[in-house]
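In: Okay, predicted coordinates and the sequence, questions at the end:
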Amino acid sequence: MILACDHLDKMFGDKMILKDASFHIEDKQKYALIGINGAGKTTLLRMIIGEEPLDGGNVTKNREATIGYLPQQLGYHSDKTIYDELYGVRDDIISQEKRIHELEELIAGSGNTTGDSLGKASNKASGESLLETYHRLQTDFELNDGYAYPSKVMGVINGLGLGDGARDKIINELSGGQKTRVALGKLLLKSPDLLILDEPTNHLDIASIRWLEDYLYSYPGAVLIVSHDRYFLDRFTDQVWELERGTLRNFKGNYTAYIRQKDVLKTTLKRAYEKQTAEVKHQKAVIEKLRSFNREKSIRRAESREKLLSKMELMDDPDDVTASMHLKLEPAVISGKDVLSLKSLKKCFGDNCLFSDTDLEVRRGEKIAIIGDNGTGKTTLLNMIRGNEPFDNGTITLGTGVEIGYYDQEHGILHEDKTVFDELQDDYPYLDDLIIRNTLAAFLFTGDDVFKNISMLSGGERGRVSLAKLMLSEANLLLLDEPTNHLDVVSREVLENAINEYSGTVICVSHDRYFIDKTATRIWELKNARFYDYSGGYSYYLEKCELTSAPNDISASGSAAANSTHGMAKPAQKSRNNASEAAKSNAGDKLSNKESWLADKQRQTEQRRLERECAAAEARVEELENALAEIDTKLSSPDICTDIEALTHLTAEREKTDTALNEAMSEWESLSEALEEFA
């Protein structure tokens, strides 16, 4: 075991980030941590590595285990080249290599010495001869993969897509995304026992993501990763941890297995919630009825019920746990059938020719995904189509009635000094304030959130503002540049559904393969300065790549209680009838004293019997209520919620207990009503 976390708690103000979370990380296991933006995933990672204080619980680490952490945002500066920075990660290899070179110089300096005398030249510290020391160090170096290390460094550089000639690039001259890739490469080469990665795919293209998948799949240590890339998580994870409203649940298997288990869990929790809601409603009705009797004993019973009800831990409605944005894309005007035509298109930056002789046609309703390595010109093409980037040759022709809406991955269309509200109002001044507020509410901006400056927003929040503007544009041709970046899984699914229902045309640059597979009807791959056109989705593209040998992208006691309670219903009815008859017989004015005495005696006997039965029924109800409360407590426990089998068993047990309780309550109510007739 690498580390264990017990009963972790974390609050930010009055917001519960983590409540009573316990888990451990085992050697060689691959874990995915998922949740909506703002759930606290990064906070949990920082708690694990000791960068964020705990409000409760403890983290116990194996002292011998090494941990490497890649944050989403990092300030990274170095005057070294990429190769030197990565090569310098392994101090042990560098030290061994230096010692070997020193010995080689010593041996070379003894060139006029005979082999026999050289063999006798000793290393005083170890008693070895120089040759013996040299051969031993060579063996150790080889066992440590020292000779293969330069190739491994270049493999990481190329695998992470840092570009041709990357080894000699100075790190301080790189973009933020490239620096993040270098930092990731350093961690991979260090090979710690536990690798913790926070959104490592954000700056990677599809080829690099696939390379990283393969690398992590065969990684010898444990991995804990935060990611919204569903294809990526499917590839190598053994367990999925979901952080939702402070509760951490563990699901065994990859992301697809998590989805299946999550559906079962949600159905089970929904059933338990509905049962509990019905039970609370029933208990309140019984309490109201008891109070209506207006007797001291009945009032005490009502108060007892209220006390039990107040102790019940109420479940949340699973349907209300996660708020999601509401996005509906609909064009105001239907374009002509021919939406876009590219003829003999060419674009170069100096000697770097991105593409040339490009001929492509787009028809109304098509959903096109553009894929390719970083830096090949995908975003440039979008900017050319929207008229923001000149081209060197060819033509770009928009069809009749085409109106363009644009989503910028860097959110450059947003204004840092504006509020969220003003960002929409200034672009759409003809919309009244209520419409703008309702639109922002649909994208989860409510209350004072609408008056936050754009500069204060997270990446995910900026993405939602950009999507809100896109929706209001009512354009019929959407150009989307990495629209899923910074969006959580829930928001990605909302966007997928909106695009699938959209009647206009979409051209989208994305490295999110799951998103592409869900939305694209056509793929343009930009590779080797050419566009390759595939008339199908991402799965079809993968099949074609393989066919053409192209590089792959690619409980019994409850039952007894029910029977027992059911058996009590008949005596209760009989008792009520007897009591009624007794009351009638006592009403006659002509009864003899003896008859009156016998009637009173019978009445007292009947009353005592009813009191005994009522007390027994009440005790039975209390017993079942306690049992139900205990089950509800277990159902609300995070440990139970993460165990699907135990949760299913508990839900079934709750249904049996609830049925028995309802029957016991009916019996107790009947007996109580019969007893009231003796009042």
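Out: It's in.

In: Can you classify the closest residue to G159 other than its chain neighbours as helix, strand or coil?
Out: Computed as Cβ to Cβ, 6 or more residues apart in numbering, the closest residue to G159 that is not its neighbour in sequence is W211, at 3.9 Å. All C-beta atoms are positioned from the backbone trio N, CA, C, and that covers glycine. Following DSSP: H, G, I helix; E, B strand; the rest coil, we place W211 in the helix state.

In: Distance check, W211 against G387.
Out: Using Cβ to Cβ, to the nearest Å, W211 is found at 36 Å from G387.

In: Then I206?
Out: Here I206 is placed at a distance of 28 Å from G387 (Cβ to Cβ).

In: The two - which one has more neighbours?
Out: A count of neighbours by other Cβ atoms under 10 Å puts I206 above the other of I206 and G387, at 23 against 10.

In: Might one say that the more buried one is in contact with R513?
Out: Yes: taking Cβ atoms under 8 Å as the definition, I206 is a contact partner of R513 at 6.5 Å.

In: So G75 belongs to a helix, correct?
Out: No: counting by three-state DSSP, one finds G75 to be coil, located in no helix.

In: ok, how many other residues are close to it?
Out: Applying other Cβ under 10 Å, we find 7 other residues in the vicinity of G75.

In: how much space is there between it and K179?
Out: 9 Å.

In: Show me the domain layout of the protein.
Out: Domains of the chain are assigned by automatic domain parsing as 1-75+176-253, 80-169, 261-319+556-676, 338-547.

In: Lowest average pLDDT across the ones you listed?
Out: Mean pLDDT per stretch puts domain 261-319+556-676 lowest among these, at a mean of 71.

In: pretty sure P429 belongs to a strand, no?
Out: No: applying three-state DSSP, one finds P429 to be coil, outside a strand.

In: In contact with H228, which residues?
Out: Each residue near H228 by Cβ atoms under 8 Å, 6 or more residues apart in numbering is listed here: 34, 199, 484, 487-489, 492.

In: Equivalent analysis for L382, please.
Out: Residues in contact with L382 (Cβ under 8 Å, 6+ apart) are 370, 406, 479, 481, 507, 509.

In: what's the offset of the helix or strand containing the third one from the middle of its chain?
Out: Think L479. Using DSSP states H and E, L479 sits in strand 477-481. With Cα atoms, centre = their mean, to the nearest Å as the basis, strand 477-481 stands 26 Å off its chain's centre.

In: With stretch 240-258 instead?
Out: For stretch 240-258, the distance to the chain centre is 7 Å (Cα atoms, centre = their mean).

In: repeat for stretch 616-630
Out: 39 Å.

In: So which bits of that stretch are buried?
Out: Counting neighbours by 16 or more other Cβ atoms under 10 Å, one finds that the buried residues in stretch 616-630 are 617-618, 620-621, 624-625, 627-628.

In: could those be laid out in JSON lines, adding distance to Q607?
Out: Below are the buried residues of stretch 616-630 laid out as JSON lines (distance: Cβ to Cβ, whole Å):
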{"residue": "A617", "distance to Q607": "15"}
{"residue": "E618", "distance to Q607": "16"}
{"residue": "R620", "distance to Q607": "20"}
{"residue": "V621", "distance to Q607": "20"}
{"residue": "L624", "distance to Q607": "26"}
{"residue": "E625", "distance to Q607": "26"}
{"residue": "A627", "distance to Q607": "30"}
{"residue": "L628", "distance to Q607": "31"}
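
In: From those, pick the one nearest M471.
Out: Proximity to M471 was ranked across the buried residues of stretch 616-630 by Cβ to Cβ; first place goes to L628, at 46.5 Å.

In: The closest one touches D658, doesn't it?
Out: Yes: using Cβ under 8 Å, L628 makes contact with D658 at a distance of 6.4 Å.

In: So which residues of the stretch 51-200 of the chain form strands?
Out: In the stretch 51-200 of the chain, the strands defined using DSSP state E, counting those that start in this stretch lie at 56-61, 67-70, 122-123, 128-129, 194-198.

In: Now do the buried residues in the first one.
Out: Okay, so that is strand 56-61. In strand 56-61, counting by 16+ other Cβ under 10 Å, buried: 57, 61.

In: Partner strands of it and their direction?
Out: Strand 56-61 has its sheet partners listed here by DSSP bridges as strand 3-12 (antiparallel).

In: Please spell out which residues along whatever helix or strand comes next after the strand it pairs with are buried.
Out: Heading C-terminal from strand 3-12, the first helix or strand you meet, by DSSP H and E, is strand 15-25. Under the neighbour-count criterion of 16+ other Cβ under 10 Å, strand 15-25 has 17-21, 23, 25 buried.

In: okay, these in a markdown table with distance to M154 next?
Out: Formatted as a markdown table, those follow (distance: Cβ to Cβ, whole Å):
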| residue | distance to M154 |
| --- | --- |
| I17 | 41 |
| L18 | 41 |
| K19 | 46 |
| D20 | 47 |
| A21 | 41 |
| F23 | 37 |
| I25 | 31 |
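
In: Closest one to S473 out of the residues you listed, please.
Out: Of the buried residues of strand 15-25, the one sitting nearest to S473 (Cβ to Cβ) turns out to be I17, at 36.1 Å.

In: what's around the closest residue to that closest one other than its chain neighbours, how many residues?
Out: Leaving aside its sequence neighbours, I17 sits nearest to G40 (Cβ to Cβ, 6+ apart; 3.8 Å). Number of residues near G40 (other Cβ under 10 Å) recorded here: 24.
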